[in-house]
Structures are given as structure tokens and as C-alpha cells.
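# need a 3D model of the following:
(chains A and B)
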Amino acid sequence: MKIGIPRAMLYYRYKVLWKSFFRELGCEVILSEETNRKILADGINYSIDECCLPSKIYMGHVYSLIGKCDYILVPRIVSYSKKNDLCVKFNALYDIVRNTFDNISLIDYNIDSVRGESEQKGFLEMGKTLGFGHFHTMSAYKKAKQAQQQYERNAIMTQERALCNEVGIKILIVSHPYNTYDKLIGFPITHFVKELGGFPVYADATDREVSMMKSAELSNTLYWVYNKELIGSIKMLEDRIDGIILLTAFPCGPDSLVNELIMRKSTKVPTINIILDELQGEAGLQTRIESFMDIIKEKRSPVKECS
Amino acid sequence: MEKIISFPHMGNYFVPVEALLRLIFPGHKVLPAPAITKKTLELGSKHSPDFVCVPFKYNLGNYIEALEKGANVLIQAGGGCRYGYYAEIQEQILRDMGYEFQFIKLLSDKINPISLYKTVREIGTPISFHKFLGHLVLIIKMVRIIDDTEAFIRENIGFETEENSFRDLHREFLNRLKTVTALSELNTVHREYDKRFRELSINKPENCLKVGLVGELYTLMEPFSNFFIEKELAKNNIQVSRYITVTFLLFDKFRRRKQILKGAGKYLKYEIGADGTDSVERGRTLAKMGYDGLIHIKPFGCMPEVNAMPMLQNISKDFKIPVLYFSFDSQTSETGVKTRLEAFHDMLTMRKDG
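Predicted structure coming up:
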């Protein structure tokens, strides 16, 4: 059996979990390609105009998988616990895909912990739908979960080690992983930073428990869990970095408010707010990052004495 | 220091909110934000984040105008989508502008009589919990009466035989409500005006055009933000139905949650966030009831309502019902809205006659 996984949105958070789960079950995993112009164009074509850029890209990835697999994985996630919610886009993604493409066969799981829908329950039901036994599914889920945790620990450790050893200008990229690691959205930005002698540090590669706790220092009523993790990372790392790039995809709802808060409240480190949309040209982006890096270099160099 | 309590506008709900605040804070002044004008939206937009949804801008404009008039206690609610995070950002923006005030956040997890009473005590009131509850019940009833009356007005105002008869009586009714302080009095007023509204002469044909309004709550309920779309429709002799009201949002929605999801039929397996589910369910229900058209209203970028659009498009296809989509922002042009409405009306008329 072939399971298609769109390489967009929550893929970047759950990639190891998803891939290992289906492989453990004995399914073949078909991953969509890295985002390219064609995927973006298809995504725009199959989306409502006002959708956010990553959700348009997501639709493009789903479209590219149609006909190549038996099921396409589209999860639905509402909240991990009370006051730890996701943007409502993730509540609706499953139904949006279903209503947009005719005759598409999807497999989904639902996490809505306030209503008693947990990840484990969701995965067990997926196993059942695919025709696997309870124990087989359970052990696949357990193994996949472990692999995912191992992967996350590694990412945190790699970044921590680099933070200690790296001497270049450290730029914290604050953005949802589906922006940061997307070939069309975040990749050009980290690429420019590296080209200009900077070292990108990723806000999503920190210990989530710590960052969640730290986020309360900036905001006490925030309820989007991903944004909490991101602003908590700023607090965790602000003494060890030289600059912050806030990267937002137009018109992200949560970011529209949370970035405003960061810009107003977190003033310790130079910060630039970059908003990307589907019409983005690279030249403008490069200029902005260049001047931002110049400002930081200027700040870092010892004050020249006037004579 | 004397406390002057203020709150942002939404439709005619300032009447019950003001009445409630006057009842529970006899020692303080209550000052609803000045009525919304273009200036309000300009002020709000100027100080708002770039692509936040437009209700944020209206609220912020309301606050600034109220603060300029001397208000020093501001109230904001929150919950659902982005709305739950309005309060913190608005407070921060206003503080950065240099205003001094107390900001009361009524977030959705704290909307119950006990928490509300605690908040009320913090602001400062001599009244007992018992009395507070009494006032709360009175105002909830008042909101329900306003919602019922306005639903009746929407469905009939387009067919009045005497110009402005509905509007004038509506105004008189709201003014009368402002002075109500007891349940028995409220009931008498309700009976009296209900009778008078029903006695207004109308000329409503059996098969008049019927249009249902669905979408996001603020742009539906604050006529300024939708360029008085209900009025425009009524001018063209259309019966207008809208089900999103404060009564629905605070009470009926939670009681009917499962039914609503079921009512969305094959279009939804899950709830799609905030009021998006309601839009799909109501869209399907109105289509089944044989309405002539639907109008879907939202602020630009409204996440839950954008989520509801693919389903509404399918409903439109399956039931052959035209749907007109509007996104409102601080830049929306009034002429554009009117032109599209006119074209929509012409199309509905042609479909009906043909």
C-alpha cells in the first residue's frame, strides 16, 4: 500500500513520526517533491485567494500526489491541551482538501485533546482503516514516536553544539518550520544569511518544554502553541545571538499579532520582519538581508575612536 | 480617581452593554465609545499591525476615541480565532501610545458568572453577587429581545409601505430599552413594541427574493463595517435573513454544537474553527430551504471564514444557489460593494423571472 505525504505544513514537524509509522506498518511512503514553481502555481490554482501562502503550497503538494498513491495523509489538529491550540487552518485542512479535490482518497487522524482525541488514538484508528491489527499498529506507533523524539533531541543537540562553537554572526530565524525549511519560502533566506557570513540558528530547534515556559515572559494570554514555542526560543537564546529574522507568510493570522508583540516587547536584539507572499522576487529580499547583516556587523565591530 | 468605563461598538449592542454597566457600576461613569465613523477606522488602521483583520482596527479606533474622551477603564472580550489574542496586543499598542488606563480582558475561558463577578469586584462595585446575577439575567433577556426584534425587522423592512416606519420605531424601541431596570418592565416593553412592529403596514409578496447572510460575526453585526449591506438589500425589496447574533454566539451555538456539525452534511467531517462551521451549516440549510441567494461576509484574511469557502462553493454548485463573497478591509471601496450588490440583485431577479 502506498501512502502519500505532502511535503508541506506539519510535515516539517512530524516527518520522522509519519514516515517511520507507515514504514513500520509495511506501507510504502511517497513523499511529494520539494516545493517548486509548478507546485506553487497548482496550489494557488486550487486555493481560495485569501489563504496563507503555506496553505496554498500545501494544496499544490496534495495535488502533485493525486494518482501516485492509495491514500494521502491529511491530519486534523486542534489542540494539544487547554490553551495550547493551533491556528484554525489546521482544524479545517482535511475538509478543505476533501472539498477541493473530487474523488481523492485521504487518510486522517484527529488531535483535539480538550475533547479527548489524542495522537495515539488517532494513529490506532488510522491503522485500523488501513487494515492492520491493533498490536501491530501500536508497536509501529511506539517505534515511530521514539524515532521522532530521537530526531528532535539530535536537532536540539546539533544546534546547541553549533551555538557554542560557531564564531560567525548568529541570526535567529523565527518562523514556522513549514516556512523556514520550505524550498521557496525560507530556504532563500537562510541561503543569503550563510552567503553573507552569517550562521542561521533555528527557533524551532530548541527544547519545547523550556521554550513554552519561557514564552510566558513575553505573553501571558497567548494560546497558539507553535507561536509560544517560537517566542520562548527568542527568550532562551537572546543573549547568544546577534540578530533576529521574523519570517512570516502573508497573511498568517497568528503571526500578524504575535510578530507585532515581538517587535514591541522584545527589543534586546536587532530584529527584521520579513513578510513573504507568492509574488516575492529574490532581489528585494537579498538587499534587505544584506543591509540587515551590515547593521549587525557594524554593531559588533569595536567602536572606532575618533581622532 | 473617577472611573470612566468604555467598550468598543458592535451594531446596536451598546444599548444592553451600557445598561448592564450602569446597573453594576452605580458609582462609576459609563461612556460607550463615540459612534463609528471613517475617522475611527483611520485611527485604528494607523496604529494596527499591517495585515490584522479589520475588526481589530475598528476596536482599536473605538478605544483611542474613547480614551480621548476621558475613558480610563476599557473592556475587551476574546475567544475563537485571532480574536482571543486581540486584547493583549491592543493593550500593548495603547500603552505604547502613552495612554494610561485599566484594561479588562474577558477571555472565553473566563466567561461564567463567578469569574465575571470577580472581575466586576476588581473594577469596584458595591452590589452583591445575587444582585449582579439579577442584572445579568435582565441584560441577557434584553439581548435576546433585541435579536428577535431585529430579525423581524430584517425580514420585513424591505417591504414597508411608509418610508422609514421601521427605522423610526426601531430607534424608539432602543431608546426605551435604555431606561429599563427590571424584568417585568422589560417584558411589558417587549410586548408593546412587538405588537407595534407587527402592526406596521407592509406589502410583502408571497414569492419575494430571499437572501441569507452568513459569515464572520463582526462584519455581519456591525453595519458600518459592511457598508450597511442589509439596508442596501432591503432597498431592493429583498427579505434578508441572518442567524449570527450575540444570543446565538453566547448560548445557542454551544447547545447545538453537534447538530450544527451534522447539519453541514457531507461538506464537513470536522469543525473548521470559530464560526466557519456555522457558515457551512447555515449555507446548506438556507439552500435547502429554497433561498434565492447567499452572501458570505468576512474581514480580509479571516481564517475560519476562508476555511468555509471551498464548502460554500460546493454547496453553491450542488444546490444551484448563487453565493456572493465579500471581504472587507480598511481599504474596501463603497462603490465597489454597491456595484457588486446591484449585479447580484439583477441576477437573482432574472433567475426568478426566467
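
# for the closest residue to residue A:117 other than its chain neighbours, what are its contacts?
Distances taken as C-beta to C-beta, 6 or more residues apart in numbering or on different chains place residue A:110 nearest to residue A:117, at 4.8 Å, with adjacent residues excluded. Where C-beta positions appear, they are placed from N, C-alpha and C, glycine not excepted. Neighbouring residues of residue A:110 by C-beta atoms under 8 Å, 6 or more residues apart in numbering or on different chains: A:75-78, A:117, A:122, B:270.

# just the residues you listed: which are in strands?
Helix and strand membership here follows DSSP state E; of the contacts of residue A:110, those in strands are A:76-78.

# now, which of those sits nearest chain B?
Nearest to chain B among these is residue A:76, at 5.2 Å by C-beta to the nearest C-beta.

# up against chain B, what does the stretch 51-200 of chain A have?
Those residues of the stretch 51-200 of chain A that sit near chain B, judged by C-beta under 8 Å from any C-beta of the partner chain, are A:51, A:76, A:78, A:82-83, A:87-89, A:91-92, A:94-96, A:98-100, A:108, A:110.

# among those, which are in helices?
In helices, defined here by DSSP state H, the members of those are A:89, A:91-92, A:94-96, A:98-100.

# what about residue B:183, distance to residue B:145?
Distance of residue B:183 to residue B:145, computed by C-beta to C-beta, to the nearest Å: 11 Å.

# residue B:351 contacts residue B:321, doesn't it?
No - Residue B:351 is not in contact with residue B:321 according to C-beta atoms under 8 Å; the separation is 9.8 Å.

# more neighbours: these two, which one.
When neighbours are counted by other C-beta atoms under 10 Å in any protein chain shown, residue B:321 comes out ahead of the other of residue B:351 and residue B:321, with 21 against 14.

# buried residues, stretch B:222-241. List them.
When burial is assessed from 16 or more other C-beta atoms under 10 Å in any protein chain shown, stretch B:222-241 yields the following buried residues: B:222-227, B:229-230, B:232-234, B:236, B:238-241.

# helices - which of these land there?
Using DSSP H, the members of the buried residues of stretch B:222-241 that fall within helices are B:229-230, B:232-234.

# could you pull out the strands in chain A for me?
Per DSSP E, chain A carries strands over the ranges A:2-5, A:28-31, A:71-73, A:76-81, A:84-85, A:106-107, A:110-112, A:169-174, A:198-202, A:243-249, A:271-276.

# dump those strands into TSV; add mean pLDDT as well.
Formatted as TSV, these follow (pLDDT from 0 to 100):
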stretch	mean pLDDT
strand A:2-5	98
strand A:28-31	98
strand A:71-73	98
strand A:76-81	95
strand A:84-85	94
strand A:106-107	97
strand A:110-112	97
strand A:169-174	96
strand A:198-202	96
strand A:243-249	95
strand A:271-276	93
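
# tell me which of those lies nearest to residue B:325.
Of all the strands of chain A, the one in closest proximity to residue B:325, counting by C-beta to C-beta, is strand A:243-249 (22.3 Å).

# now the angle between strand A:271-276 and the closest one, please.
Direction vectors for strand A:243-249 and strand A:271-276, defined by axes from the mean of the first three to the mean of the last three C-alpha atoms, to 10 degrees, enclose an angle of 20 degrees.
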